[in-house]
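Peer 1: Need coordinates for the below:
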Amino acid sequence: MTATRPANVSWLTPYLTVRDALTSISFFEAAFGFELRDSVQDEGVVMHAEMTYQGQLIVMFAPEGAFGSTAKTPKNAGAIAPQSFYLYVQNVDEVHARAIAAGAKSLSEPQDQFWGDRFAQVEDLDGYRWALARRVSG
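Peer 2: Alright, predicted model coming up:
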C-alpha cells in the first residue's frame, strides 16, 4: 500500500508565499533555528523550500510568481496576515531576540500568560505573524 504522505511530514503543513526564498531561508534559520530540509531550483532560483524544526517539517514556501502563482505576501498585498503560527521553543526570550536581530518586528514582548505559556509575538519579513511559546505552568 502506498503511503498517504511522505515520511516525516505532518498531516498539515503551512505553505507560504515569500518575496525571496533565499532571504526567507536565511531568516528562518537565524530567527527560529529552522533547518533547510529540501529545496527545488529553476535556473539557479529557489522556487520551493521546506524547513524543519527539531526534525519536524514546519513550513514550506515559494517566492511570489513561482509556478505561475499570483499569490502575494501579506506585506506586498498591503494586508495583515489573517493567520498566525504558534511555535513552541525552548527559550522564548532568546528566540524573540534572535528574530528581532534577524529583521522581524516585535508585536509583543515575552511574558508569562494566564493560559500557562510564556509567550511573545513577532512579524517576519513578509508579514506573517509567529507566536513563540513555552509551557511554564499547567
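Peer 1: in the protein, which spans are strands?
Peer 2: Secondary structure of the chain, counting by DSSP state E: strands at 15-18, 35-42, 45-53, 56-63, 84-88, 105-112, 117-123, 129-135.
Peer 1: among these, which is nearest Thr70?
Peer 2: Evaluated over the strands of the chain, closeness to Thr70 peaks at strand 15-18, with 9.5 Å, by Cβ to Cβ. Quick note: C-beta positions are derived from backbone N, CA and C, even for glycine.
Peer 1: What about Ala97, how many residues nearby?
Peer 2: Counted with other Cβ atoms under 10 Å, the neighbours of Ala97 add up to 15.
Peer 1: Let me know the pLDDT of Ile25.
Peer 2: The confidence metric pLDDT takes the value 98 at Ile25.
Peer 1: contacting residues around it?
Peer 2: Contacts were defined as Cβ atoms under 8 Å, 6 or more residues apart in numbering; by that measure Ile25 touches 36, 39, 46, 49, 51.
Peer 1: any idea how far Trp115 is from the closest residue to Lys72 other than its chain neighbours?
Peer 2: Nearest-residue entry for Lys72: Glu64, 5.9 Å, with adjacent residues in sequence omitted and distances by Cβ to Cβ, 6 or more residues apart in numbering. Using Cβ to Cβ, to the nearest Å, one gets 36 Å for the distance from Glu64 to Trp115.
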